[in-house]
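Asker: This is the structure alone, sequence omitted:
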């Protein structure tokens, strides 16, 4: 088996007296779409920040592409951060820049490109996520929720990273837009051989996109391929995948 | 090397090698710009040995288009790379996308016209805002249930109580400066005692209230604009409206009233500290005893000296609060707007305060107090 893209072991995160993660392990293999699931307050976003190197855990190591980010110095971390793209829950587009400028910002910071390449490559990213060309000149406040999610994805793709982190990419979207976004994501993942880590609450989205799912339970992670995780005996997982909610959508058969 | 060219006229074989990735795009692009396709009728492309990402694929597409325009037929030796397929699907295999640039700068006449219209509308909306606030204030006077004592108290605390140390410090320093400069000049005439008049009248009539107002404009004018501006950006103001609560009533009026209470109180403190500062300096510099100083203060203060200063405080407060809240309510869309309007709020507040002070000076001179 090839080397994992992300290998986090023994992660401990504490806020004061409250322990959010206690020896959590997370392994993500190249080319998979890995879904992170957990109740509200179970520390999904904290885990994401830890893996991104935005937060240093109290204990444990996080390896991305084989380098331990908890040991990296500032230039090394900066270098590593150009190899992944992130979208945040609310989009987190820079509100004073147009969509095109949002996409160009990481390129300007990290690459030396001439003006034409800069414009055309940024436009390519805008179009590839399914935004119309007119959207490129708009400001985030002029975009709909679905377009903001797409623009955020375009910015995450700015440096052609091999690894994408998505924090609730379909939350707040209507089911049809969410399905379209998932389809886009799966298509990009296949064509560009991306590795994707996504936090989501959307059961439909999980079943449409994820190969493997990691559930944060009792401050640790239980991860398995989708078909196996739904059979896991833990009551929370059972409730999550087999509750009324799940059955109503008809995403789980039998049991 | 990122590519190899084998030319056997009229066929050119382009073999891609290594990393055709976003990091290398500008280097490869620069090298390939020197390659011309004149006389080439067939371009064979081998991509198997290279790793293409989206940017690399975009560059390859660019090269292929150039070859085609030069009359070459493009053939792939290996299956076409998926990244290239994706780029072509997205951009269409035709010409590049119609490009949307930032709008061009306006012609001077158009710019002038637009500025005039914008300014005029700005005035109107400012007047409308003040009108609405005053109207709601009038309603609030008749219906005390609309008063929000908790909110007003909070603003009195934020804009008043927490400002006491800085206001006192500045009042002290200013009175020391006046007394010091006055003493230097007046000593020449043996008129030392008039330093007291200078400090007392200067601080009470003008400087106490003016400096306090300017500090408060910097502290609270900006805070008002920023607080309300962020609430606008977070749609909190819309949420208020949607719950049937008038933003002017809960966000604007309490700030106006709170500041109108806080600023006169701060002025009193500033006056007191200023006179005290004068006393300390006169004792240190002119050997004037406190008793002598305060006797002279008593003589220097006329019937109106203190009130002339204090009466200006609520007016200044309303100007500062109006500028801050109005600019805050205007924030739309982006964080840059927030910064811009906060700046505007402070500059305008200070300008209005000084303008009003000048008008007051003329007024008081006309009525002779």
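Answerer: Thanks, I have it. Keep in mind that this is a model prediction, so the values were computed, not measured.
Asker: Next to chain B, which bits of chain A? Give me the list.
Answerer: A:94-96, A:98, A:100, A:107, A:111-114, A:117, A:119-121, A:123-125, A:127-128, A:133-134, A:136-137, A:139-142, A:157, A:159-160, A:188, A:190-192 (Cβ under 8 Å from any Cβ of the partner chain). Glycine gets a C-beta too; all of them are placed from N, C-alpha and C.
Asker: For residue A:33, give the beta-bridge partners.
Answerer: residue A:196 (DSSP bridges).
Asker: If I look at residue A:63, what pLDDT would I see?
Answerer: On pLDDT, residue A:63 comes in at 89.
Asker: and the residues of chain A next to chain B, which are buried?
Answerer: A:94-96, A:98, A:100, A:107, A:111, A:113, A:117, A:119-121, A:123-125, A:127-128, A:136-137, A:139-140, A:157, A:159-160, A:188, A:191-192 (16 or more other Cβ atoms under 10 Å in any protein chain shown).
Asker: So out of everything in the stretch 151-300 of chain B, what residue is nearest chain A?
Answerer: Nearest residue of the stretch 151-300 of chain B to chain A, counting by Cβ to the nearest Cβ: residue B:233, 7.7 Å away.
Asker: Give me the number of neighbouring residues for that residue.
Answerer: Residue B:233: 18 surrounding residues under other Cβ atoms under 10 Å in any protein chain shown.
Asker: Give me the pLDDT value at it.
Answerer: 88.
Asker: is it true that it touches residue B:328?
Answerer: No: counting by Cβ atoms under 8 Å, residue B:233 does not reach residue B:328; the two are 10.5 Å apart.
Asker: measure stretch A:33-53 end to end?
Answerer: 20 Å (Cα to Cα, to the nearest Å).
Asker: Other residues contacting the lengthiest helix in chain A?
Answerer: As assigned by DSSP state H, the longest helix anywhere in chain A is helix A:175-192. Helix A:175-192 has contacts (Cβ atoms under 8 Å, 6 or more residues apart in numbering or on different chains) with A:31, A:33, A:128-130, A:146, A:149-150, A:153, A:157, A:160, A:166, A:169-170, A:173, A:194, A:196, A:202, A:204-205, A:208-209, B:53-54, B:82-83, B:85-86.
Asker: domains of chain B?
Answerer: With domains defined by automatic domain parsing, chain B comprises B:3-91, B:135-367.
Asker: I'd like to know which of the ones you listed has the weakest mean confidence.
Answerer: Across those, domain B:3-91 gives the lowest mean pLDDT, at a mean of 84.
Asker: any weak-confidence spans in the stretch 151-255 of chain A?
Answerer: A:244-255 (pLDDT under 70).
Asker: 50 instead, please
Answerer: A:252-255 (pLDDT under 50).
Asker: OK, now which residue of it is nearest to chain B?
Answerer: residue A:160 (4.0 Å).
Asker: can you tell me which residues contact that residue?
Answerer: A:192, B:21, B:22, B:53, B:54, B:55.
Asker: Give me the three-state assignment for it.
Answerer: coil (DSSP: H, G, I helix; E, B strand; the rest coil).
Asker: how far away is it from residue B:27?
Answerer: Per Cβ to Cβ, to the nearest Å, residue A:160 is found 15 Å from residue B:27.
Asker: Next: residue A:115.
Answerer: From residue A:115 to residue B:27 the distance is 17 Å (Cβ to Cβ).
Asker: quick revisit: mark which of the contacts of helix A:175-192 are buried, thanks.
Answerer: Counted by 16+ other Cβ under 10 Å, the contacts of helix A:175-192 give A:33, A:128-130, A:146, A:149-150, A:153, A:157, A:160, A:166, A:169-170, A:173, A:194, A:196, A:202, A:204-205, A:208-209, B:53-54, B:83, B:86 as buried.
Asker: Just the ones of the contacts of helix A:175-192 in strands?
Answerer: A:33, A:166, A:196 (DSSP state E).
Asker: quick one: the helices in chain A?
Answerer: A:44-52, A:74-81, A:99-110, A:115-128, A:145-156, A:175-192, A:203-209, A:226-229, A:235-242, A:244-249.
Asker: residues of the second one that come out buried?
Answerer: The reference is to helix A:74-81. A:77, A:80, A:81.
Asker: Report the angle between it and helix A:99-110.
Answerer: Angle, helix A:74-81 to helix A:99-110, by axes from the mean of the first three to the mean of the last three Cα atoms, to 10 degrees: 140 degrees.
Asker: Show me what helix A:74-81 is packed up against.
Answerer: Here helix A:74-81 touches no other helix or strand, going by 3 or more Cβ pairs under 8 Å, 6 or more residues apart in numbering or on different chains; DSSP states H and E.
Asker: now it: how far from the chain's centre is it?
Answerer: The chain centroid and the centroid of helix A:74-81 are separated by 19 Å under Cα atoms, centre = their mean, to the nearest Å.
Asker: now that helix against helix A:44-52, angle please.
Answerer: Going by the same axes, to 10 degrees, helix A:74-81 makes 120 degrees with helix A:44-52.
Asker: before we move on, the earlier item: wait, which of the helices of chain A is closest to residue B:154?
Answerer: helix A:44-52 (31.6 Å; Cβ to Cβ).
Asker: on that earlier part again, quick one: the residue of the stretch 151-255 of chain A closest to chain B and residue B:51, what's the gap?
Answerer: Taking Cβ to Cβ, one finds residue A:160 at 11 Å from residue B:51.
Asker: do residue A:229 as well
Answerer: From residue A:229 to residue B:51 the distance is 33 Å (Cβ to Cβ).
Asker: More neighbours: these two, which one.
Answerer: residue A:229 (22 against 15).
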